[in-house]
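*Asks:* Pasting a predicted model and its sequence here:
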Amino acid sequence: MQNSQRPILVTGGAGFIGSNFVLQWLATEGTPVVNLDKLTYAGNPNNLASLASNNAYTLVQGDICDRGLVDRLLRQHRPRAIVHFAAESHVDRSILGPEEFLRTNIHGTFVLLEAARQHHASLEGEERSGFRFLHVSTDEVYGTLAPDEAAFHEDTPYAPNSPYAASKAASDHLVRAWTHTYGLPTLVTNCSNNYGPYQFPEKLLPLMVTHALQGKPLPVYGDGQQVRDWLYVADHCSAIRAVLEKGRVGETYNVGGNNQRSNLEVVHALCSLLDELVPASQFAPHASLVTMVKDRPGHDRRYAIDARKIEAEIGWQPEESFETGLRKTVEWYLANSAWVDNVTSGAYQQWMQKNYAGRAETNGASSAEAAAANAAQTAARGAK
Ligand code: NAD
Ligand code: DAU
């Protein structure tokens, strides 16, 4: 079999970005995908229901921390690449319960790296030279930016602030070390905030869409002036495919949408779109549902990605603007209310209670302290 026709092993392929990636991969590349996913609360095999009769797709329910299982999958499928998405990914959950983040994000990545190292050493010829371990990471490893500070580039020093960001930073360092010390052929992508179909409604955009449609309050943390750089998920997936194909071994590529927006701007854009798309809603104008609530502890003020390296070296650019991506996303949630109903019962309600019950409504002023703390951190970075 030609090496390019060999399967890829995807971890976390039943989550938000992973399932978009698997669907895009099979629609474009078409070569086999083995998806190793623990199916935590965030993993949903229904996202991939359309692949039920596709022989090129295999789902294996299991934990990336299970070395025996990972070894068996590598022996059985001899993948040409591992594309590693699996992680605990929600910052608020990491604040309320960090342990699982350390287990999956750090130990799980270590297990995969060790298994990949052994697998790579057993390969020969084209199979060996073509093998890649692509680690999907985040811009949060770089910390927070002041309003006028230059965007994160690949050499920005790491300064993770949340337990989630620290666990992802640790995993990035492991990947780097496994390349430097053992010669494992790795690639790392650090991406900004994604949005799009199949995103679990604990994250900002899907939470706001589902709440707005039900006339529930739209809880904006602090003063709502935190800035994120939004990227439509299909564009992140195409970036990962491009890096896998053309990325230089041992390199990191930042991926972003060049769409910096404050949280309040995002929520208001979403409300206006809902007013347009659901004009008969009894909850219009939806912006009347916006409610300022107590801030996230340690809340990063601003993220922004400098994506010039991936553009120049690999020729990747996002296809969607924030406006086109937002419209596609909202239309998807409107057309998929059964998907939303399915994931927002039971444990989801408990999470909403746990995260939001203690966030009394504020006038948005509580963020002054957080902003000052962020400014101090930025100044400290500049002084180093
Ligand atoms: P997600 O939470 O939606 O999905 C995570 C997936 O990993 C789920 O399917 C879950 O079942 C699986 N998983 C969790 N623990 C596992 C374990 N121990 N073994 C096997 N599977 C396990 O996450 P996402 O938003 O799709 O993010 C995917 C990756 O992309 C993560 O590594 C995240 O850090 C990174 N990332 C996310 C964003 C974003 O905006 N969502 C941006 C940049 C980078
Ligand atoms: O930057 C990339 C990261 O983006 C990824 O690595 C993470 O996995 C992903 O979850 C995301 O992290 P954020 O913390 O930026 O995303 P979240 O959707 O949780 O929040 C986006 C912003 O919205 C953030 O400033 C917090 C704010 N927010 C969030 C929620 C859930 C609110 O104001 N209210 C909310 O209810």
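*Replies:* In hand now; what should we look at? Ligands and ions are numbered 1, 2, ... in the order given.

*Asks:* hey, let's count contacts and neighbours off CA atoms from now on
*Replies:* Will do.

*Asks:* Quick check, Arg128 in contact with His119.
*Replies:* No: contact criterion C-alpha atoms under 8 Å: Arg128 and His119 do not qualify, at 9.2 Å.

*Asks:* Do a quick rundown of the helices in the stretch 251-384 of the chain.
*Replies:* Ranges of helices within the stretch 251-384 of the chain are 263-277, 308-309, 322-335, 337-343, 347-356, 367-383, based on DSSP state H, counting those that start in this stretch.

*Asks:* Columns mean neighbour count on top of those, output as JSON lines?
*Replies:* Shown next, in JSON lines, are the helices of the stretch 251-384 of the chain (neighbours: other C-alpha atoms under 10 Å):
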{"stretch": "helix 263-277", "mean neighbour count": "18"}
{"stretch": "helix 308-309", "mean neighbour count": "17"}
{"stretch": "helix 322-335", "mean neighbour count": "17"}
{"stretch": "helix 337-343", "mean neighbour count": "13"}
{"stretch": "helix 347-356", "mean neighbour count": "13"}
{"stretch": "helix 367-383", "mean neighbour count": "15"}
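
*Asks:* can you redo those helices as JSON lines with distance to Arg228 and mean pLDDT?
*Replies:* Shown next, in JSON lines, are the helices of the stretch 251-384 of the chain (distance: least, C-alpha to C-alpha, whole Å; pLDDT from 0 to 100):
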{"stretch": "helix 263-277", "distance to Arg228": "7", "mean pLDDT": "98"}
{"stretch": "helix 308-309", "distance to Arg228": "18", "mean pLDDT": "98"}
{"stretch": "helix 322-335", "distance to Arg228": "12", "mean pLDDT": "98"}
{"stretch": "helix 337-343", "distance to Arg228": "24", "mean pLDDT": "95"}
{"stretch": "helix 347-356", "distance to Arg228": "21", "mean pLDDT": "94"}
{"stretch": "helix 367-383", "distance to Arg228": "15", "mean pLDDT": "53"}
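
*Asks:* between the ones you listed, which gets nearest to Arg67?
*Replies:* With C-alpha to C-alpha as the measure, helix 347-356 is the member of these nearest Arg67 (28.7 Å).

*Asks:* Output the set of residues of the chain in proximity to ligand 1.
*Replies:* Taking C-alpha under 6 Å from any ligand atom as the test, the list of the chain residues beside ligand 1 reads 11-18, 37-40, 42-43, 62-65, 85-89, 104, 136-138, 191-194.

*Asks:* filter those to the buried ones?
*Replies:* 11-18, 37-39, 42-43, 62-65, 85-89, 104, 136-138, 191-194 (16 or more other C-alpha atoms under 10 Å).

*Asks:* So which of those residues sit within strands?
*Replies:* Thr11, Asp37, Val136, Ser137, Thr138, Cys191, Asn193, Asn194 (DSSP state E).

*Asks:* Helix or strand with the lowest mean pLDDT in the protein?
*Replies:* helix 367-383 (a mean of 53; mean pLDDT, DSSP states H and E).

*Asks:* what sits against the residue of the stretch 251-384 of the chain found nearest ligand 1?
*Replies:* Nearest residue of the stretch 251-384 of the chain to ligand 1 (C-alpha to the nearest ligand atom) works out as Val255 at 8.6 Å. Val255 makes contact with Thr189, Asn190, Cys191, Ser192, His236, Ala239, Ile305, Asp306, Ala307, Ile310, according to C-alpha atoms under 8 Å, 6 or more residues apart in numbering.

*Asks:* could you pull out the strands for this protein?
*Replies:* Taking DSSP E, the strands of the chain run over residues 8-11, 33-37, 57-61, 81-84, 132-138, 186-191, 193-195, 218-221, 227-232, 252-255, 260-262, 290-293.

*Asks:* Who are the packing partners of the fourth one?
*Replies:* Contacting strand 81-84 under the criterion 3 or more C-alpha pairs under 8 Å, 6 or more residues apart in numbering; DSSP states H and E are the following elements: strand 8-11, strand 132-138.

*Asks:* Ok, the last one next?
*Replies:* When contacts are defined as 3+ C-alpha pairs under 8 Å, 6+ apart, strand 290-293 sits against strand 218-221.

*Asks:* Contacts made by the strand it packs on with the rest, please.
*Replies:* Counting by C-alpha under 8 Å, 6+ apart, 208, 211-212, 263-264, 289-296, 364 sit against strand 218-221.

*Asks:* where does this protein dip in pLDDT?
*Replies:* The chain contains residues with pLDDT under 70 at 363-384.

*Asks:* Which single helix of it contains the most residues?
*Replies:* Assignment by DSSP state H gives helix 163-182 as the longest helix of the chain.

*Asks:* Which residues belonging to it are considered buried?
*Replies:* Neighbour counts over helix 163-182 (16+ other C-alpha under 10 Å) mark 163-172, 174-176, 178-179 as buried.

*Asks:* likewise stretch 97-108?
*Replies:* Judged by neighbour count using 16+ other C-alpha under 10 Å, the buried positions of stretch 97-108 are Pro98, Glu100, Phe101, Leu102, Arg103, Thr104, Asn105, Ile106, His107, Gly108.

*Asks:* wait, what's in contact with the closest residue to the fourth one other than its chain neighbours?
*Replies:* Closest residue in space to Leu102, ignoring its immediate chain neighbours: Ser167 at 5.7 Å, by C-alpha to C-alpha, 6 or more residues apart in numbering. Ser167 sits next to Phe101, Leu102, Asn105, Ile106 when contact means C-alpha under 8 Å, 6+ apart.
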